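Here is a sequence with its predicted model. Questions after.
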Amino acid sequence: MLDWTIVETLAALDSAKVSALELTEAHITAVGSLNPHLNAFITITPEIARKQAHAADVARRAGAAPALAGIPLAIKDLFCSENVRTTAGSKILGPFIPPYESTVSGKLLSAGAVMLGKANLDEFAMGSSNITSAYGPAMNPWKRDDGVKLVPGGSSGGSASAVAARIAMGATGTDTGGSIRQPASFCGIVGIKPTYGRCSRFGIIAFASSLDQAGPMARSVEDCAILLEIMSGFDPKDSTSAARAVPNFRAACGRNIAGMRVGIPLEYRVSGMAPEIEKLWQAGIDWLKQEGAEIFDVSLPHTKYGLPVYYIVAPAEASSNLARYDGVRFGARVEGEDLIELYERTRAAGFGAEVKRRIMIGTYVLSEGYYDAYYLKAQKVRSLILRDFREAFANVDVLLTPTTPSAAFAVGEKMNDPVTMYLNDVFTVPASLAGVPAMSIPAGLDSRGLPLGLQVIGRHFDEESVFAIAAALERAADFRSLPALREGAIP
Amino acid sequence: MPLDPATVRRIAKLARIHLDEDELPRLQKELNTILGYVEQLAEVNVEGVIPLSGGSETAMRMREDVVSDGGYPEKILANAPDRIGNFFAVPKVVE
C-alpha cells in the first residue's frame, strides 16, 4: 500500500480496505527503516501522525471525512508547524518552536492530512542539492550505474526523496527558483509551482518574498491536483495572496488536449545539453502531437539573463528577510560584549556558508552606490523576462521544456564554485521570475538509470492547462521505474 | 570591478556577520565569481523599461489601520533566548 497514489489510497480508505491508522503505521515503520539511509526528515512526528490518523478514521466512520482524511504527508521544514520544531535547515533556528501553523500546512491538516514529519531542505531553501542543510544532506533514493550517492536536488530535496522512496504519499515544497521542480525531476516524481499568489506565504519562512511559492510534490499529476486544490486560496495574512477562486484542478487532468497550442522555446536548446535530454524533449513533443496538440516554435529572447537576474534579486530579498535572525527574539544566540557583537557572533555561528554568501551579495547589491547598477538593473531585466512570457502566451497555451540540464549528480560534483551549482536552475528560474505556474513530470530514464523530467509552463493562474498537458505527458510516458531505495528494497 | 578585502569586510559589517581573517580570501573569491557572472546584465538594453519589483500582478491591498492580532506575550516570548518579565533582554546598550 506504500506504493499507492493518493487517488488509490482515498478509494481504499473509503471502502474500508485499509484504515488510516494502518496506513500511517506502515508509513511510520517505513520512515524508521529508510530515513537513516535517506535523511529525508529532520524531525519525525509519529505521535502526531497517529492522533491525526485516528481522527481521520473516526471522521470517516461518521461519514464526515474531509478530502484528505488519513493521507500521510511530509511537510517541508520551511512551513511553520504549531508546537513542532521548525528549522528551515538552519542551525540558527535549531531551537525554534513556532507558536502558530502556516496557512498552507494548516489547510492540509484541516483537510485531514497526517503529518509524518518535517522534511529536510537546503538551509533557508538556498540550494539545488540539499547539501547546505545544517542537519546533513538528504539523499536521492535513485542509484546511478556507478553506485555513488546522489543528491536529491534542492531545495525541497527531503520532500522529493521521501515521496520517491514511498515513505510519504505526498509532500509540501516551496519553489523560489526551481526548488520544487528540480528535485521532483531528480527523484522521478511530479511537482508543481503554482502561479505566484495562488498559495499563501503566511507561516512559510521567507527566502525571497517576490519569488517564494508553495506547491505540492507527489507520485502522480492527479495527486498533485488534489493537494494543490487544498493548498490554494486567498489569505488576508499574505499581502500578495491572490483573491481568486480556486479552480477544479483534478477535473483539468482529464481534459482533452486536442487543439491546445504548445510552444517550444528555442532559447532552451542550450549548448552542452545532454543528448538524452534533447531526445526526451522531442519525445514529449511527439506525445503531445499524437494527442492532437499543435506545436509551435516560440522565442523567449531574455532567457539567458534569467539566472543573473535571479542571483541579484533573490539574495537582495534574502539579505532583508534574514535580517530578523539576530539572536534576540527567537532562535539561537551567541553572546557578545555588546549588542552589535551579539548580532555578529550569532549570525556567524548560526548561518552556513551558502546563506552567508547570499546575504553578503544581497547586502552589496542593495548598498549605496551599487543599487542602480545591480538591483535596479536586475528588476528591469526581470520586466523584460515577464514580457517575453506574455508575448509567447499570446500565441500558445503552454510551453514545454526540459526541467533540468542534467540528471541528478553525485555529492561533491558541481561544487567547485557557487556559479556551477547555480546553473542547475537555468530552465526553472525564468518561470519563477515571471510568476507563472510550472510543473515537472517524470518522463524517462537516462542511460545511467536516472529519471529525467519535462517541464510544462502556463499562463498566470492557468494551472488547469498545465495539469491537462502534464496528465497527457504522464499517460504517454507511462513512467513506472522505481528507485533503488524504497520500502522492501534496502541494501 | 572586483571586490577588495576591505570591501568584503565592509559588507560583512553591514550584514552583521562576524568574519575571521582566514575566511576572507575564500569569501572574496566566491563573491567575485558571483559578481563576475551577473556582470553580463550590463549588455541588456533597458532604456525606458519599468522595473518589476514583485511576482504579483495586482497592486498591494489596503486594510483598516487597526490592531487585528496580538495580546499573547507568553507565546511571543516562548522562543526568546533571554527575557526579563515581558521584555526581550539584550546586553546593556546605554551606560
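Great, that's in hand.

Could you pull out the strands in chain B for me?
Under the criterion DSSP state E, chain B contains strands at B:83-84, B:87-88.

Can you check which of those strands gets nearest to chain A?
For the strands of chain B, proximity to chain A was assessed by Cβ to the nearest Cβ; strand B:87-88 is nearest, at 5.3 Å. Placement of C-beta: from N, CA and C, glycine included.

coming back round to it: with distance to B:Pro51 as added columns, please give the strands of chain B in CSV.
Shown next, in CSV, are the strands of chain B (distance: least, Cβ to Cβ, whole Å):
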stretch, distance to B:Pro51
strand B:83-84, 42
strand B:87-88, 36
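
For A:Lys356, which of the ones you listed is the nearest?
In terms of Cβ to Cβ, the element of these nearest to A:Lys356 is strand B:87-88, at 24.5 Å.

What strands flank that closest one, and is each parallel or antiparallel?
Strand B:87-88 sits in its sheet next to strand B:83-84 (antiparallel), going by DSSP bridges.

ok, residues contacting the partner strand?
B:Leu77, B:Ala89 (Cβ atoms under 8 Å, 6 or more residues apart in numbering or on different chains).

How about stretch A:50-61?
Contacts of stretch A:50-61 (Cβ under 8 Å, 6+ apart): A:13-14, A:19-21, A:23-25, A:28, A:65-66, A:69-70, A:72, A:109, A:112-115.

Need the per-residue pLDDT for B:Glu57.
Model confidence at B:Glu57, given as pLDDT, is 64.

what mean pLDDT does stretch A:271-278 have?
The average pLDDT within stretch A:271-278 is 84.

Secondary structure element for the residue in the stretch 101-250 of chain A that chain B sits nearest to, which one?
Chain B sits closest to A:Tyr196 of the stretch 101-250 of chain A, with a gap of 3.5 Å, by Cβ to the nearest Cβ. Assigned by DSSP states H and E, A:Tyr196 falls within no helix or strand.

Is it in contact with A:Ala214, as I believe?
No: with contact defined as Cβ atoms under 8 Å, A:Tyr196 does not count as touching A:Ala214 (10.6 Å).

rewinding a little: export the strands of chain B as CSV, with columns for mean neighbour count.
Compiled in CSV, these are given as follows (neighbours: other Cβ atoms under 10 Å in any protein chain shown):
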stretch, mean neighbour count
strand B:83-84, 12
strand B:87-88, 12
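
can I get the ones you listed in a markdown table with distance to A:Lys149 and mean pLDDT?
As requested, the strands of chain B are exported to a markdown table (distance: least, Cβ to Cβ, whole Å; pLDDT from 0 to 100):
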| stretch | distance to A:Lys149 | mean pLDDT |
| --- | --- | --- |
| strand B:83-84 | 44 | 96 |
| strand B:87-88 | 43 | 96 |
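
Go through the ones you listed and name the closest to A:Asp297.
Closest among the strands of chain B, using Cβ to Cβ: strand B:87-88, at 58.5 Å.

Distance from the closest one to the middle of the chain?
For strand B:87-88, the separation from the chain centroid amounts to 23 Å (computed by Cα atoms, centre = their mean, to the nearest Å).

any idea how far the residue of chain B most remote from its centre is from chain A?
Distance from the C-alpha centroid of chain B, by Cα atoms, centre = their mean, peaks at B:Gly85 (29.4 Å). Separation of B:Gly85 from chain A (Cβ to the nearest Cβ, to the nearest Å) stands at 15 Å.

could you list every residue that touches residue 31?
I'll assume chain A. Applying Cβ under 8 Å, 6+ apart to A:Val31 gives the contacts A:Phe41, A:Ile44, A:Pro46, A:Leu116, A:Gly117, A:Ala162, A:Ile167, A:Ala168.

actually it's chain B I care about, not the one you picked
When contacts are counted by Cβ under 8 Å, 6+ apart, B:Leu31 touches A:Arg357, A:Met360, A:Ile361, A:Tyr364, B:Leu3, B:Val8, B:Ile11.

residues near A:Ala207, how many?
Slight slip there: residue A:207 is Phe, not Ala. Burial of A:Phe207 is recorded as 27 neighbouring residues (other Cβ atoms under 10 Å in any protein chain shown).

In terms of pLDDT, where does it sit?
The model's pLDDT for A:Phe207 equals 98.

just A:Asp417 next, same as before
Looking at A:Asp417, its pLDDT is 74.

same check, this time on A:Gly327
97.

got it, and the one 5 residues further on?
Looking at A:Ala332, its pLDDT reads 97.

how much space between it and chain B?
According to Cβ to the nearest Cβ, A:Ala332 and chain B sit 7 Å apart.

Give the burial count for that residue, as a bare number.
For A:Ala332, the neighbour count with other Cβ under 10 Å is 18.

Now do the contacts for it.
Applying Cβ under 8 Å, 6+ apart to A:Ala332 gives the contacts A:Lys91, A:Ile92, A:Leu93, A:Gly94, A:Pro95, A:Thr346, A:Ala349, A:Gly350, B:Pro81.

Can you say which helix or strand has it in it?
Counting by DSSP H and E, there is no helix or strand that carries A:Ala332.

swap in the one 10 residues further on?
Assigned by DSSP H and E, A:Leu342 falls within helix A:339-350.

Beyond that helix, next helix or strand please.
Counting by DSSP H and E, the next helix or strand C-terminal to helix A:339-350 is helix A:353-365.

what residue is smack in the middle of chain B?
Closest-to-mean residue, chain B, Cα atoms, centre = their mean: B:Ala15 / 6.6 Å.

Correct me if wrong: it contacts A:Val365.
No: using Cβ under 8 Å, B:Ala15 is not in contact with A:Val365; the gap is 11.9 Å.

Do a quick rundown of the helices in the stretch 301-450 of chain A.
A:306-321, A:339-350, A:353-365, A:377-393, A:418-422, A:429-434 (DSSP state H, counting those that start in this stretch).

got a markdown table for the ones you listed, with mean neighbour count and distance to A:Gly284 too?
Shown next, in a markdown table, are the helices of the stretch 301-450 of chain A (neighbours: other Cβ atoms under 10 Å in any protein chain shown; distance: least, Cβ to Cβ, whole Å):
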| stretch | mean neighbour count | distance to A:Gly284 |
| --- | --- | --- |
| helix A:306-321 | 24 | 21 |
| helix A:339-350 | 20 | 43 |
| helix A:353-365 | 24 | 33 |
| helix A:377-393 | 21 | 17 |
| helix A:418-422 | 17 | 25 |
| helix A:429-434 | 28 | 17 |
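
what residue ranges in the chain score low on pLDDT?
Defaulting to chain A. By pLDDT under 70, the low-scoring segments of chain A are A:490-491.

I was thinking of chain B, sorry if that wasn't clear
Filtered on pLDDT under 70, chain B yields the residue ranges B:56-58, B:95.

Just give me the longest helix of it.
In chain B, taking DSSP state H as the definition, the longest helix is helix B:24-38.

got a list of what the residue nearest to the centre of chain B touches?
By Cβ under 8 Å, 6+ apart, the neighbours of B:Ala15 are A:Ser319, A:Arg347, A:Lys356, A:Ile359, A:Met360, A:Thr363.
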